[in-house]
Structure formats: structure tokens, C-alpha cells
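In: From the sequence below, what's the structure:
(one chain, ligands or ions: 1)
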Amino acid sequence: MDMPQRPRRNRKSEAIRRFHRETWLGPQHLISPLFIHDKVEDEPIASMPGCSRLGPEGLLREVGASIEVGVNSFVLFPATPESVKTKAGEESYNPEGLVQVTLRALKERWPDVTLVTDVALDPYSSDGHDGIVSPDGRILNDETVEVLCRQALSQAEAGADIIAPSDMMDGRIGAIRSTLDAAGFTDVSLLSYTAKYASAFYGPFRDALDSAPKHGDKKTYQMDPANAREAIRELYLDEQEGADMVMVKPAGPYLDVISLVREQTTLPVAAYQVSGEYAMLKAACQNGWLSEEKVVPESLMAIRRAGADVILTYFARQVATWICEGVVSN
Ligand code: PBG
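Out: Prediction:
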């Protein structure tokens, strides 16, 4: 064939492919979400094979092993005993609460580690909602924001580097920013869950923490999966209110939203490959239907290509290990 343009020439060897690879993935792009509980032993999470609710020793082992392969950032999610859950989630700002104690322990052992905390009431709420539920079943915005501010402050006092509100209440970024600033925590960052969708992909996470809503769903605060433009509205508000970084969640099924947010902001963009995305990939790989060491890096590369700077993923340590071993090239 007479064909001067042959794109395949630029793909003919790994060396040439690497000349013009547009996206790359390294351990510094990954944040590892970890589940903790107040028991001694680790407890495997059935719907998330390979993940456990970690006791104090298991946590130190996991964090140590992750740091070895270059993953230095972690988000903590507590499984709170039913007995301390209340309607207003007071346990969320207990200075001796599980998250607060764990933050101090990790900072003492690894002062340079980056610790991210989740701000929302669901792990502490007897209703299983991210906010306070009124007697007639509404999620009370402004009352919730007050509690979230106390929660964020107590996490900052315990050593959190980045506070990540995942609750989707209106105005919480501004309120938390001014609470932190008034208390002198001007260096603590805010990573806002800007476009967090009311997604069924959070199912395994809610199993892990036993945090599913007891009544109703989260559609009056989390976003409608049908919407993308609404993400821009949330983004502008978060920017005005003082967010340092913005997040899209879930990640894989929402690559268009990641790309849209990327275009609309100069802030760093994070994406969360959530529990259901993990469970899907893991299940197929365990059945031998997909190859884990190929499909997992591909899923993360796609999220980076769409525009995410940093990715929260339960595969963080595994992928970083493959990168260190040269199994995955970048
Ligand atoms: C809590 C929170 C959720 C996730 C992160 N923070 C669950 C929810 O909103 O119901 C989900 C993460 C995952 O599925 O991996 N506000």
C-alpha cells in the first residue's frame, strides 16, 4: 500500500513507545486507604479480598511495607463499635477516638508520613448517614457542618496532614477552613470530595465499616450519577471556600468527570478508585478471567490519563511493589 502515514512505526519497540508515552504512574501518585478497628487481630473483609480491618500491629506492618515500596500517604477509615454510635456522631471528635489515637501512633513512628483523614459522620452515626438525621428523616446540613468542624479540628490536633471531607454537606469546606485557621492549623490541607456520587460502588466499603444507612439512601447529599455539569458547580464552590485539592469519586466509571474537573481547575485533582471497583477487578482476577498485574495498572493509568494527579486505591501497595520489581514499567 502507498501510505506515508503509518502510526504503527511509533509503536514498533518499547524504547520508541517510551519516547512518547504521555502518562506515567509511580508510587508517589498513590494514596492507600486503610481500615482500622479497635481489636487486636486483623479481620479480613469478605467483599474486598486482600483487605482487612487492621489492628494496631497489622496497621504498623501494612504502613511499613507500603513505605518500603514508596507509598507514603494513607487515609484512615475507622470501624466504630455499634455501642459508641450516636445520632450526632460525637465519637468523631473524641480526642481518644480510634482515628485520633492512630494518627498520633503513626506520626510518632514515621514523622514524614502523609496522613489523610476522612471527615463525615457515617462511621459514627447510629443512622449510618454522613450527617445528622432529623426526626422526619431529613439530613440536617448546618447542624452537621458544626459537628464536622469539631471532627476536623480534633483530627488536626492529632496530627492529620490533609483533611478530606467526604460528607457532601453544603458549605463544609469554608466552615472547616475557618475553624482550622482560627485554631492555628493554617498548614493543614483540605482535600475536598468535590464530586462524590451517590454510587452503588461503595457497597463493599459499607460492609467493611458496617456503615450502610439504616434508612433511605444518600441521594439528598451525594451527586446524581447522571450529572457532570453539577460537578463544576461543586468545584467552583470548593475553590472559593478554600479547598487545596479536589476529588472525583468513584474513578473508573467517572473518567469523563475527572477530565472535566481537570479542565476547569488549576488545583491538584484526586480520584478515588472505590471499594466496588476494587472488588470487581479482584473477583475477575481471582477467577482467572483477568490478569491482575496487567489490568490493575491499566485501570490506574486510565484514571491518570483522564487527569487525576493522585489516586486513592486499595491496590496502592500491590501496584507500587510491581513497579519496584519492574513487573510494571512506566
Ligand atoms: C464515607 C465514605 C464512603 C467512602 C469513602 N468515605 C462511603 C459512603 O459515602 O457511603 C467510600 C469509599 C469506597 O467505597 O471505597 N463518607
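In: can you pull the contacts of the residue of the stretch 1-150 of the chain found nearest the ligand?
Out: Of the residues in the stretch 1-150 of the chain, the one nearest the ligand is residue 120, at a distance of 3.6 Å by CB to the nearest ligand atom. All C-beta spots, glycine's among them, are computed from the backbone N, C-alpha and C. The contact partners of residue 120, by CB atoms under 8 Å, 6 or more residues apart in numbering, come to 130, 148, 165, 166, 167.
In: can you pick the most crowded of those?
Out: Most neighbours among the contacts of residue 120, by other CB atoms under 10 Å: residue 165, with 29 neighbours.
In: and residue 130, what does it touch?
Out: Listed by CB under 8 Å, 6+ apart, the contact partners of residue 130 are 120, 121, 122, 139, 144, 166, 167, 168, 169, 218, 221.
In: and these, which two are the farthest apart?
Out: Within the contacts of residue 130, two members stand farthest from each other by CB to CB: 139 and 166, at 14.0 Å.
In: With secondary structure and distance to residue 193 added, can I get the contacts of residue 130 in CSV?
Out: Output for these, formatted as CSV (DSSP: H, G, I helix; E, B strand; the rest coil; distance: CB to CB, whole Å):
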residue, secondary structure, distance to residue 193
120, coil, 8
121, coil, 14
122, helix, 12
139, strand, 16
144, helix, 14
166, coil, 4
167, coil, 8
168, coil, 7
169, coil, 11
218, coil, 12
221, coil, 11
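In: In those, which residue is surrounded by the most others?
Out: residue 121 (30 neighbours).
In: on that earlier part again, next up, phi/psi of the residue of the stretch 1-150 of the chain closest to the ligand, please.
Out: Per-residue torsions, residue 120: phi 180, psi 160 (degrees, to the nearest 10).
In: Write out the residues of this protein neighbouring the ligand.
Out: 118, 120, 122, 130, 166, 167, 202, 205, 206, 274, 275 (CB under 6 Å from any ligand atom).
In: Now the two most distant members of those residues.
Out: The widest separation within these, taken as CB to CB, falls between 167 and 275 and amounts to 17.4 Å.
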